[in-house]
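*Asks:* this one's sequence-less:
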């Protein structure tokens, strides 16, 4: 997980318990909302699981993040609903669960953030559409080495293809990681070209104070 991802999760861990209170209070007073909210969040949770299993995501990173975090919000909605509507032990058990889950989540996220910071440091990330239905995401990042060794400057490209008739959905069909400190330290622009007749992506960096570089990514016809 990248540093940005862990920061987003940290915001969720702090905000969702409060959002759960708000939704639970509305559910308590409005029967229609009481039926809709749990069903919608449960459906999003199932979609998130299916997306993880199949590799299918949406074209919006923010929407992906909300779908993946919806189970967490669903849990807090149900726990706060129990707190506001039940009595005796169930009420206090739900409150203890809210506190415990929140603390465990924050501790885990802090450790994940520390691990991400020691493992990778993102320098630059861009998303580009090259030739519908294809798009790609490129990331320049630093791989931090242990023991005082110099860091490795790396480049990662991820190629996505949108789902026919559902342009909001896409699937990652290829990913490559490259390590070349001299080439990628200055975030040299990587030229990406797509040849539809061959189903091939050409990657290249023209010479300019360094040796040129190129590679080819062949897309499987069944992708």
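*Replies:* Noted; the coordinates are in hand. Just so it is clear, the model here is predicted, and its values are computed rather than measured.
*Asks:* Low-confidence regions, the protein specifically.
*Replies:* 1-7, 115-124, 144-150, 181-188, 207-212, 221-223 (pLDDT under 70).
*Asks:* and the longest strand for it?
*Replies:* strand 166-179 (DSSP state E).
*Asks:* buried sites along that strand?
*Replies:* For strand 166-179, the neighbour count (16 or more other CB atoms under 10 Å) marks 169, 170, 173, 174, 178 as buried. All C-beta atoms are positioned from the backbone trio N, CA, C, and that covers glycine.
*Asks:* Let's have those in a markdown table, adding distance to residue 59.
*Replies:* Output for those, formatted as a markdown table (distance: CB to CB, whole Å):
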| residue | distance to residue 59 |
| --- | --- |
| 169 | 7 |
| 170 | 6 |
| 173 | 14 |
| 174 | 17 |
| 178 | 25 |
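*Asks:* Looking at those residues, which is nearest residue 111?
*Replies:* residue 178 (28.8 Å; CB to CB).
*Asks:* The closest one and residue 155 touch, don't they?
*Replies:* Yes. Counting by CB atoms under 8 Å, residue 178 does reach residue 155; the two are 4.7 Å apart.
*Asks:* quick one on the thing from earlier: which two in the buried residues of strand 166-179 are spaced the farthest apart?
*Replies:* 169 and 178 (27.9 Å).
*Asks:* Chain neighbours aside, what residue packs nearest to the residue nearest to the spatial centre of the chain?
*Replies:* Centroid-nearest residue in the chain, with CA atoms, centre = their mean: residue 65, separated by 5.7 Å. Nearest-residue entry for residue 65: residue 8, 5.9 Å, with adjacent residues in sequence omitted and distances by CB to CB, 6 or more residues apart in numbering.
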